[in-house]
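Trainee: below: sequence and its predicted model.
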Amino acid sequence: MTFDHYVWKSPRDLDAERAEALLTSWHEAGGDPSRSPFQSSTDIGWFHRELVDATLGLDISTDAVRSVSKTPIWMSGTDEAPARLVALRLTPAVPRDVIEDIFSLAVKYDLVLFDQRTGQLRLPLDEMGAYADATFWPGGAIQAAVAGIAGAVIAVGVWLIGIPIVSGVVAVIGGFMFVMAVYTFIHAGRTAMRTRQPRD
């Protein structure tokens, strides 16, 4: 069976041509997922577990160990066994929400996606970060400002009320919201300045 989509953790500094060459030589050597030219990572193990738990009937080839645990993923406190690769065969019959699940999980675990049919290599987390930076002004800026101001007001308000323990906990949460809003503005400002600088 041939596969057309590949997911791995690293190396990440590949272009589509080099990724194709790695996969071709690997297929010619037998295509054993445990001998694929990618580094082993627990993130691939988790990606596989979440994908299989959420989606039935996908054609998958992987060296990831199939989990038999019935514990929900959000309650699982142990790492999945590391794996190198998840290869997927995605036919036109695969629902759109499955494609979105694959992309979302690749964002969650900061993985590399390679579509061999189109020769497209993607870094979904980087793409989401670039999109967030590009759309920050003005909508994201307003949301960050509202969250920061609300956090500051909450922190100061509960601190002045002075309810033992509760005030301290809520003040820390409010302070965290304020600090994260400030950090968001600093990051967005630096990104905007970098993009505006003339290139040689």
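Mentor: Perfect, I can see it now.
Trainee: okay, now residue 131: neighbour count?
Mentor: Counted with other C-beta atoms under 10 Å, the burial measure for residue 131 works out to 10 neighbours. (C-beta placed from N, C-alpha, C; glycine too.)
Trainee: helix/strand/coil for it?
Mentor: helix (DSSP: H, G, I helix; E, B strand; the rest coil).
Trainee: check what pLDDT it gets.
Mentor: Looking at residue 131, its pLDDT reads 70.
Trainee: distance of it from residue 184?
Mentor: With distances defined as C-beta to C-beta, to the nearest Å, the gap from residue 131 to residue 184 amounts to 15 Å.
Trainee: ok, residue 111 next?
Mentor: Shown here: residue 111 relative to residue 184, a distance of 25 Å by C-beta to C-beta.
Trainee: ok, residue 46 touching residue 80?
Mentor: Yes: with contacts defined as C-beta atoms under 8 Å, residue 46 counts as touching residue 80 at a distance of 4.9 Å.
Trainee: now the residue positioned nearest the centre of the chain: closest residue in space that isn't a chain neighbour?
Mentor: Nearest to the mean C-alpha position of the chain, counting by C-alpha atoms, centre = their mean, stands residue 107 at 2.0 Å. Spatially, and ignoring its direct neighbours in sequence, residue 107 is nearest to residue 124 (4.5 Å; C-beta to C-beta, 6 or more residues apart in numbering).
Trainee: OK, contacts around the one you found?
Mentor: By C-beta atoms under 8 Å, 6 or more residues apart in numbering, the contact list for residue 124 reads 103, 106-107, 111, 113.
Trainee: please redo it, this time with the cut-off set to 6 Å
Mentor: In this structure, residue 124 makes contact with 103, 106-107, judged by C-beta atoms under 6 Å, 6 or more residues apart in numbering.
Trainee: what about residue 183, how many residues nearby?
Mentor: Here the count is done by other C-beta under 10 Å, and residue 183 has 12 residues near it.
Trainee: having no further points to raise, I will conclude here.
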